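Undergrad: for reference, the sequence and a predicted model appear below.
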Amino acid sequence: MSTHTAIAAVAKGKFDAIQVTTETPGEDEVLVKVAYGAMIAFDTYVTDRGFYVQEYPWTLGFSGAGTIERLGAGVNDLSVGDRVTFFGMGPSRSKSLQEYSVQPRSVVSKIPDSLSLEEASTIPDNFVTSFYTLFNQLGLPLPSSFPAQTPPPLSKTPILVYGAGSTAGVYAIQLLHLAGYEKILTTASKKHHEYLRSLGATDTFDYNSPTLVEEIVNTVGEDGKVLIAVDCITADGTLAILGKIVSPLGKIALLLPIKEGNAVTGGQEQRMYFEVAEDSNPFPRGTEIVYVRTFTYQKDEYLKQNLMPKILPQLLDSGYIQPARMWGITLLGSRPSERVLTTSTTLSVPDGIRDISNDLETSSLMLPAKRPVVARQLSQLARISAPASHRASGRLLTTVSAGTTVVQPSTPSSCKISPAKAIRRNFASEAYEAYCIGPAPSSESYLKMEKIIDVCHRSGAQAVHPGYGFLSENATFSKRLAEEGIVFIGPPVHAIISMGSKRYQAPYFPLPASSNKFISESKNIMTNAGVPCVPGYHGDNQDPDFLFAEAQRIGFPVLIKAIHGGGGKGMRTVTIPTSAAFHEALSSAKRESLKAFGNDTVLVEKFIETPRHVEVQVFADTHGSVVSLWERDCSVQRRNQKIIEEAPAPDLSPELREDLSAKAIAAAKAVHYVGAGTVEFIFDNDTEKFYFMEMNTRLQVEHPVTEMITGLDLVEWQLEVAAGNVLPLAQGAIPMVGHAFEARIYAENPRNNFLPDSGTLHYLSTPAPTHIFAPTYPPAEASDSSPLRPTEKSTFGLQTMPSLRIEQGFTQGAQIGVFYDPMIAKVVVHGRDRVEALRMLRHALDEYHVVGVSTNVEFLKTLAGNKAFIDAKVETGFIPKHFDELFPPLKRPDSKILARAGLYAAIRHQKQAPSPAATPWTLLASRRFGGDEYRHSIKFRTEGSEEEATVVVTQKSLGLWDVVVQRGETIDHFPSVPAQLVDSKTLLTTLNNNATQTTIVSQSPHPSVPASKSPNTMERLHVFNGGHKTTLVIPSPKWLLSLGGDILGAQGALKAPMPSLIVELRVKVGDHVEKGQAVVVIESMKTETVLRADAAGIVRAVGCKAGEMVEEGRELVDIEANKS
């Protein structure tokens, strides 16, 4: 007789994996192969600091989802292989937290293909509870169909759902809305309000409000009492509040009537319930209290035969019911081995019984091997409040964004944000709790370890995912977390010290007990491990003159690099072999490193002149296994920071790919690495040799390209490793499918030396992604010769389609400030080969539209279409080498673009103009005088050009226009052009028999900015047509210029190119400066920029001081040029 694994309570506070018999389904039963299961409050509950379990072993789990494995007699409406969810209610002999579950047909629902099994596993118990409560226990009439065709008798009567942010509350709102009720009142935390209104709630109240009762009473009107209420919380505090709201003629349903104590009867109907005592009843006399006991719902024959088998599938299939934003816990997998979460891991359970986790002292949990697919959404820095044992804590919503990470489980999570981060998106609303950790500068917030640790303690967070930046590679932070008993989702301290520091670090933290070695110099470790290194100086001596002497010994050009650097911060290349040039670069690198990482120590290395940046993604577990997830090429960079990455690296031979992975694995093993890491190599294009550069002891920004070619969730892998589990796949099973690119969308001006920009995202439109995460692939078949050499047969026959994934950190209307990295989003694509992936990337960038700040989108499109890039002739000096190709002269907009812009302006102006009163001059009879012929003339100038064009638009009849475009002596005439403005940004036109839809976005100057000759003070039209963006400036009229004065047009003035911080002012009034001399050093978005004199002259005025924040366009220093 076959057996399978199940999760059971074997004693108070003890869970274990046991083997149970796989039963054969009987009549009107089905056997389900379970993929996901959910443990709910009715499985276990608190009694005197322990669990009460009715019998041992007690198999847990009531809601589950999976596929039909076998059908019993009499089941004719389901088939083997159907995807289903089920409610293993009451005394069911087979629950959901096991590999196979036998269930009555009456509790099984078929689910649509659009619904994942993870989502489906969370639905049944809460949906059934809500449905049973409303249409049975409270007696509301059940509609003959959903949505209801006619309003119910009490359609306008207020119905209150208290605790509506709960899963049952979410379903109650949707069902009431579908049933035709027009006054659905809800209480929930503020973060849920918008979501609840989208489901049908008409009024939302903050249940933490001190005036909650008054607010509801005022909304209800009349006597202020509600006749029907549903309490999804059922606690003493909520009952007291509801007692002031519910009418003495009304009904209230209590959905969670569970009470601590030992008084438990053996009867199904009485198990785990309590009733409000007569002497402490908070409700008015006459109020009917309904204690909802969901397990008894099948006593209603209609619900038994229809609710799960018919009604729920129809509602899900039609899309009328959306799954609540709570996810089921992971259950079972295919590997036969079991893994143990040690006694140091606290078990967390769903909301209804989460207090139990505080009572587990010595419990351990054995779980099978299946891993969840971790859903992604772009978010900001936060920490897990559930334990590293994410299996038991609910599904995790996890994402990694520019510089930071959030891990948000369905159980409460907390996030830490600074005020400046909050302006990106409403990140605080995406976490259960939010804590402000300080002002915007990272040195006062995200780099303050004790503030973060304090939030962990206050919020109950048990683990920290550090994200990409800030403290993600800080050994002291990892050590402090360990001292506080908080899990750091990253490598151990000794690995961060060894590899996070690019030079020798004095040992202070021992390796694991199995090793008697101590931390040594990372370069020496690599050399001893057989990993080649670049020549350089990696010692302690930081004397500037000594470092210059070392640079001379190594030989120019050299690279100055912060030992704790990352993302190009604290890195400078010195090509001029002079003391002045070296010292200036050294000072800037040290200053930038100190601000970004709290340490200004640098190393000096030989700069390889035609290098590629090739890095290998490695993963290691605590059991000694290390694997390579293949390599990425990140060669195309600006300011030593990546802007486009791809995987796998192009034009590598199988032998070279194998060698790179082998050396990366050796590097990780040499320092007993654990977790996700990236071993970066400098690949010399000339010699095809590679050298160890550094190891990033964190997950990197570009990890999605690895996920796209492997189908593996790297954040999930981090959580697996943090839980103490073995790596999910062995080396030979890791796929490599197709090719992927990631393009980073930055707020910066590529034509102004890629200087970062800031401001408001006035308009943002992106292409529709095909994937939230990545395609999935079967495990690979290893090469006969080496598991580090994937073969074509490993992916043979896979029917992959081009894929697009967008990770967005901002939404339209968000502010991009100066304190953090200027990345807006990441556009990630996958194709069957590099050609298809690159084609997909170009198409996605064509549809990525931004207005409000300068971006690199147009540059990325040019790059993706560059022949050398298409041919994979990449190197870190790609941009300067191909500068002229990447920055061609701006094209004059053709006459069609100007005609469309003119039509947009004319139709917009016509719509905005008030309708004239009827007079003889505006009547048709007076047409010969020109009275009602609309004519509009407008001048345009291409941004960055002084050439003007005049467009004259004349309306011939309704929706028909004549357009004349004049530039100098050239005149283009477009007669009888059909055109209409369908909304404020969309123009439909037909020019020369070519019908097009054009997006045109108007950007007006800030009203406080005086008119001048600067384009920033004029209205700009951003025209998106045919994959190209053209920005046209509408020049300010002369009379307006005369009022505003051209205050920004002063000659010889150095102005702030962006909002920035004055780091250093190097001149004073009266100083003589030479052309090219550094005058002011500014910092914006963690990047320093040196402003230099355009000509030799005398400093006449200084308009800033060190430490001051200045706005874009501020005159910083006025230099009177020498007279020639």
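TA: That came through, no problem. Remember, predicted model here, so these are calculated numbers, not experimental data.
Undergrad: please name the bridge partners of Leu1065.
TA: Note on Leu1065: beta-bridge partners by DSSP bridges are Val1080.
Undergrad: and for the residue lying closest to Glu29 once chain neighbours are set aside, the neighbour number?
TA: With sequence-adjacent residues excluded and distances taken as Cβ to Cβ, 6 or more residues apart in numbering, Glu29 is closest to Gly72, at 4.1 Å. No exception for glycine: its C-beta is placed from N, CA and C like everyone else's. Gly72: 17 surrounding residues under other Cβ atoms under 10 Å.
Undergrad: tell me which helix or strand of the chain sits lowest on mean pLDDT?
TA: Least confident helix or strand, the chain: strand 365-367 with a mean of 27, by mean pLDDT, DSSP states H and E.
Undergrad: returning to what we had before: hang on, isn't the residue nearest to Glu29 packed against Gly26?
TA: Yes. Using Cβ atoms under 8 Å, Gly72 makes contact with Gly26 at a distance of 5.2 Å.
Undergrad: now do the helix or strand where Ala837 lies: everything it contacts.
TA: For Ala837, the host element (DSSP states H and E) is helix 834-846. Here helix 834-846 makes contact (Cβ atoms under 8 Å, 6 or more residues apart in numbering) with 646, 650, 738-741, 743, 767, 802-804, 806, 827, 829-831, 857, 860-861, 864-865, 870, 872, 1027-1028.
Undergrad: these in strands, which ones?
TA: 646, 739-741, 743, 803-804, 806, 827, 829-831, 1028 (DSSP state E).
Undergrad: most neighbours, which of the residues you listed?
TA: Val829 (33 neighbours).
Undergrad: that one contacts Leu804, doesn't it?
TA: Yes. Val829 lies in contact with Leu804 (Cβ under 8 Å); the separation is 5.4 Å.
Undergrad: just to revisit the earlier point, can you add pLDDT and distance to Asp203 and give the ones in strands among the contacts of helix 834-846 back as JSON lines?
TA: Formatted as JSON lines, those follow (pLDDT from 0 to 100; distance: Cβ to Cβ, whole Å):
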{"residue": "Glu646", "pLDDT": "98", "distance to Asp203": "51"}
{"residue": "His739", "pLDDT": "96", "distance to Asp203": "52"}
{"residue": "Ala740", "pLDDT": "97", "distance to Asp203": "47"}
{"residue": "Phe741", "pLDDT": "98", "distance to Asp203": "47"}
{"residue": "Ala743", "pLDDT": "98", "distance to Asp203": "44"}
{"residue": "Ser803", "pLDDT": "93", "distance to Asp203": "42"}
{"residue": "Leu804", "pLDDT": "95", "distance to Asp203": "39"}
{"residue": "Ile806", "pLDDT": "95", "distance to Asp203": "35"}
{"residue": "Val827", "pLDDT": "97", "distance to Asp203": "40"}
{"residue": "Val829", "pLDDT": "97", "distance to Asp203": "44"}
{"residue": "His830", "pLDDT": "96", "distance to Asp203": "45"}
{"residue": "Gly831", "pLDDT": "95", "distance to Asp203": "49"}
{"residue": "His1028", "pLDDT": "90", "distance to Asp203": "47"}
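Undergrad: so which bits of the longest strand seen in the chain are buried?
TA: In the chain, with assignment by DSSP E, the single longest strand is strand 970-983. Across strand 970-983, burial judged by 16 or more other Cβ atoms under 10 Å covers 972, 974, 977, 979, 981.
Undergrad: how is the protein divided into domains?
TA: Following automatic domain parsing, one finds the domains of the chain at 3-121+324-340, 125-299, 374-469, 522-534+608-886, 535-607, 895-913+931-1043, 1050-1121.
Undergrad: which stretches of the stretch 451-600 of the chain have low pLDDT?
TA: 500-521, 565-567 (pLDDT under 70).
Undergrad: show the pLDDT at Lys19.
TA: Just to correct that, residue 19 is Gln rather than Lys. For Gln19, the model assigns a pLDDT of 85.
Undergrad: number of residues surrounding it?
TA: Count around Gln19 with other Cβ under 10 Å applied: 10.
Undergrad: that one should be in a helix, yeah?
TA: No. Using DSSP: H, G, I helix; E, B strand; the rest coil, the secondary structure at Gln19 is strand, not a helix.
Undergrad: gap between it and Thr59?
TA: 12 Å (Cβ to Cβ, to the nearest Å).
Undergrad: identify the contacts common to these two.
TA: Contacts common to Gln19 and Thr59, judged by Cβ under 8 Å, 6+ apart, are Ala6.
Undergrad: what strands line up against the longest strand of the chain, and which way round?
TA: Partners of strand 970-983, by DSSP bridges, with direction: strand 960-967 (antiparallel), strand 986-991 (antiparallel).
Undergrad: helices along the stretch 551-700 of the chain, start to end?
TA: Along the stretch 551-700 of the chain, counting by DSSP state H, counting those that start in this stretch, helices occupy 579-597, 654-670.
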